[in-house]
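**Q** predicted structure and sequence below. I'll ask about it afterward.
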Amino acid sequence: MTTFLELGVDQDMVDALAGKGILEAFPIQEQTIPLALTGQDIIGQAKTGTGKTFGFGLPLLQRIGANPEPGVQALIVVPTRELAVQVTEDLEIASQNRAATLVSIYGGKAYEGQIEQLKAGAQIVVGTPGRLLDLANQRLLDLTKVREMVLDEADKMLDLGFLADIEKLFSLTPPVRHTMLFSATMPGTIVTLARRFMSNPIHIRATDPDEGLTQANIEHIVYRAHSLDKDEVIGRILMAEGRGKTVVFMRTKRAAAKLTEELTDRGFNAAAVHGDLNQEQRERAMAAFKAGKKDILIATDVAARGIDVDDVTHVINHTVPDDDKTYLHRVGRTGRAGRTGIAVTFVDWDDLHKWALINKALDFGVPEPVETYSSSPHLFEDLKIPAGTKGRLKATPVKERPAREGARAGGRSAGSREGNRDAGTREERGSEGTRTRRRTRDANPKGPGRHETHSHEAHGHDAEGGGEPGAPLHTEGEAPRRRRRRRGGAGRGADSAGTPSGAEQAGEQASAAPIAEAPAA
């Protein structure tokens, strides 16, 4: 294998890479670095995870010098926030013995820190199109002195609708500059960009041999699975022998959040990266995954491009990708840097047509995925799952139910109040000024059949009988009686023993009489 020193990289960067155990160049690096060092414009076509960050990063760092003047001299445009963070981290490793400073500029984080780094004289900017243009329009990002410009994952930026933004960024840079463009695929729009904004670029294609090697390093397993059984199947795959870091790809943000919660309940260390999380949460999840604190990452496709982790052993496609390119990007998270990996794909009955197209494009020879359940013997054999394994590390904790003791002690919790409303019960709403009923259990009723009383709290009196809220309206074997209201307390003797007091009569009249306007004084 070729060393970076043999490719013409400066000794200080060679030493910095060696300190991280990076000693030999990948094929795409061997082909791009010598040409890029001379200032040749390059179109590099290679899959994600094949080492192209150093393929353009090392020449870029070397060409701006070990001690560059303050001000933005190099611009690297990437499609996603995660990829911006990843590229920045890689170049910080290579430039640690140099005076050049980098800044990541992307949405989802506060402007202040990014603006401060720009004002401090950062020479290399790595960013996403939207935030870059935002700062440029505010005259906070000056691109007029850019000498090196890189478009990374250009095909993805086109997929996300960034073409107009990319053209605007090009127009803000000097017409004479060194430009490198990297893409996994080469649609016509990228060719047009190259013709408009690059000078006699050389097309370096490292896809075919590299892709063939990657495919050989990955075992592809495809199952036709039932959606209600997928969680259990995934849980059992996570118990497979030799299973290390695992990435599970989901179709939607909601499905990603739901699976994360499910796997956490099952006892697994799972983190999520999807659009419903803010940038700080996404970065924390990615950092925990890279550090090994979390060994399962659940992601949507947009986040896939920033997952640059060498020791991923398994990739699971919870649903079949939309096309063969997306499939390759997903499974490319494993089998990196010469390692082996396993890619498991679930195909729903409704998605068999999608799989047919992927199978044909990638020539897998699996037109009909085998029907598979969590109890299927071939699942255990294919993935080396120990016999009898269940997809759970711990029992699901019993969720606490709303406590009812508080209600019997004289008050109700908000949770029990909502539950009672749903069940059609009547709650006390004295604070709202409405007449309501309270259920009571009276150990010493004032008369036969008296089991329901009116609340007089609105009139300064306690409910009759001193019963507990939440008790039944009547005792077993007795039918509830509806008490008739009469003006002036008439008829009260039929419901209770004894003569009511004047205060009680006044309260009863106030409760039953229609509302009338008080006479003027």
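**A** Happy to help now that I have it.

**Q** verify the stated contact: Lys384 with Ala240.
**A** Yes - with contact defined as Cβ atoms under 8 Å, Lys384 reaches Ala240; the gap is 5.4 Å. Any C-beta I mention is one placed from the backbone N, CA and C, and that applies to glycine too.

**Q** the two: which is more packed in?
**A** Comparing Lys384 with Ala240 by other Cβ atoms under 10 Å, the one with more neighbours is Ala240, at 20 against 12.

**Q** for Glu82, the count of nearby residues, please.
**A** Here the neighbour count serves as a burial measure; for Glu82 (other Cβ under 10 Å) it reads 23.

**Q** contacts only, for the residue most central in space within the chain.
**A** By Cα atoms, centre = their mean, the chain has its centre lying nearest to His274, at 2.3 Å. His274 makes contacts with 250, 253, 256-257, 282, 298-300, 302-303, as judged by Cβ atoms under 8 Å, 6 or more residues apart in numbering.

**Q** now Thr179. Its backbone dihedrals?
**A** The phi and psi values for Thr179, taken as degrees, to the nearest 10, are phi -120, psi 130.

**Q** quick check: beta-bridge partners of it?
**A** Using DSSP bridges, the bridge partners assigned to Thr179 are Met149.

**Q** out of the contacts of His274, which one sits closest to Val125?
**A** Arg282 (20.6 Å; Cβ to Cβ).

**Q** quick one: which helix or strand includes the closest one?
**A** Assigned by DSSP states H and E, Arg282 belongs to helix 279-291.

**Q** so what touches that helix?
**A** Here helix 279-291 makes contact (Cβ under 8 Å, 6+ apart) with 81-82, 85, 106-109, 245, 271-274, 277, 294-295, 297, 303, 306-307, 309.

**Q** what about 10 Å?
**A** Helix 279-291 has contacts (Cβ atoms under 10 Å, 6 or more residues apart in numbering) with 81-82, 85-86, 89, 106-110, 245-247, 260, 269-278, 293-299, 303, 306-312.

**Q** which of those fall within helices?
**A** Assigned to helices by DSSP state H, the following of the contacts of helix 279-291 qualify: 81-82, 85-86, 89, 260, 303.

**Q** which two among these are spaced furthest apart?
**A** Glu89 and Thr260, at 24.2 Å, using Cβ to Cβ across the ones in helices among the contacts of helix 279-291.

**Q** higher neighbour count, these two?
**A** For Glu89 versus Thr260, the count of surrounding residues by other Cβ under 10 Å is larger for Thr260: 22 against 15.

**Q** gap between the more buried one and Val273?
**A** If you measure Thr260 against Val273 using Cβ to Cβ, to the nearest Å, the figure is 10 Å.

**Q** find residues that contact each of these two.
**A** The contact lists of Thr260 and Val273 share 285, 297-298, where a contact means Cβ under 10 Å, 6+ apart.

**Q** of the residues you listed, which is the most crowded?
**A** Of all the shared contacts of Thr260 and Val273, the highest neighbour tally under other Cβ under 10 Å goes to Ile298, namely 30 neighbours.

**Q** check what pLDDT that one gets.
**A** The model reports Ile298 with a pLDDT of 94.

**Q** where along the stretch 51-200 of the chain do the strands fall?
**A** Using DSSP state E, counting those that start in this stretch, the strands of the stretch 51-200 of the chain run over residues 74-77, 102-105, 124-127, 148-151, 178-183.

**Q** just checking, what packs against the last one?
**A** With contacts defined as 3 or more Cβ pairs under 10 Å, 6 or more residues apart in numbering; DSSP states H and E, the secondary structure elements packing on strand 178-183 are helix 27-37, strand 42-45, helix 52-64, strand 74-77, strand 148-151, helix 154-159, helix 188-197, strand 202-205.

**Q** count the neighbours of Gly19 for me.
**A** Neighbours of Gly19 using other Cβ under 10 Å come to 11.

**Q** how about the helices and strands packed on strand 178-183 in a markdown table, adding mean pLDDT, mean neighbour count and distance to Thr2?
**A** Listed next are the helices and strands packed on strand 178-183 as a markdown table, based on pLDDT from 0 to 100; neighbours: other Cβ atoms under 10 Å; distance: least, Cβ to Cβ, whole Å:
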| stretch | mean pLDDT | mean neighbour count | distance to Thr2 |
| --- | --- | --- | --- |
| helix 27-37 | 92 | 22 | 5 |
| strand 42-45 | 90 | 24 | 17 |
| helix 52-64 | 94 | 25 | 13 |
| strand 74-77 | 97 | 26 | 24 |
| strand 148-151 | 96 | 26 | 22 |
| helix 154-159 | 83 | 22 | 26 |
| helix 188-197 | 85 | 15 | 27 |
| strand 202-205 | 88 | 16 | 15 |
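
**Q** dump the ones you listed into TSV; add distance to Thr128 as well.
**A** Below are the helices and strands packed on strand 178-183 laid out as TSV (distance: least, Cβ to Cβ, whole Å):
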stretch	distance to Thr128
helix 27-37	23
strand 42-45	20
helix 52-64	16
strand 74-77	8
strand 148-151	12
helix 154-159	9
helix 188-197	17
strand 202-205	25
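
**Q** my read is Val315 is in a strand, agree?
**A** Yes - assessed by DSSP: H, G, I helix; E, B strand; the rest coil, Val315 belongs to a strand.

**Q** end-to-end on stretch 131-148?
**A** Distance across stretch 131-148, first residue to last, is 19 Å (Cα to Cα, to the nearest Å).

**Q** which parts of it are buried?
**A** Neighbour-count burial for stretch 131-148 flags 131-136, 141, 143, 146-148 (criterion: 16 or more other Cβ atoms under 10 Å).

**Q** where are the low-confidence patches of the stretch 201-350 of the chain?
**A** When residues are selected by pLDDT under 70, those of the stretch 201-350 of the chain lie in 207-215, 302-306, 337-338.

**Q** mind doing that once more with 80?
**A** Judged by pLDDT under 80, the stretch 201-350 of the chain has its weakly predicted residues at 206-216, 279, 301-310, 325, 329, 336-338.

**Q** this structure - how does it break down into domains?
**A** Per automatic domain parsing, the domain ranges recorded for the chain read 11-205, 210-383.

**Q** which residues sit in contact with Asp165?
**A** With contacts defined as Cβ under 10 Å, 6+ apart, Asp165 is in contact with 77, 128-130, 132-133, 157.

**Q** go again with 8 Å.
**A** Contacts of Asp165 were listed using Cβ under 8 Å, 6+ apart, and they are 129-130, 132-133.

**Q** and if you look at Gly235?
**A** 263, 266, 268, 374, 390-392.

**Q** grab the nearest non-local neighbour of it.
**A** Gly391 (2.0 Å; Cβ to Cβ, 6 or more residues apart in numbering).
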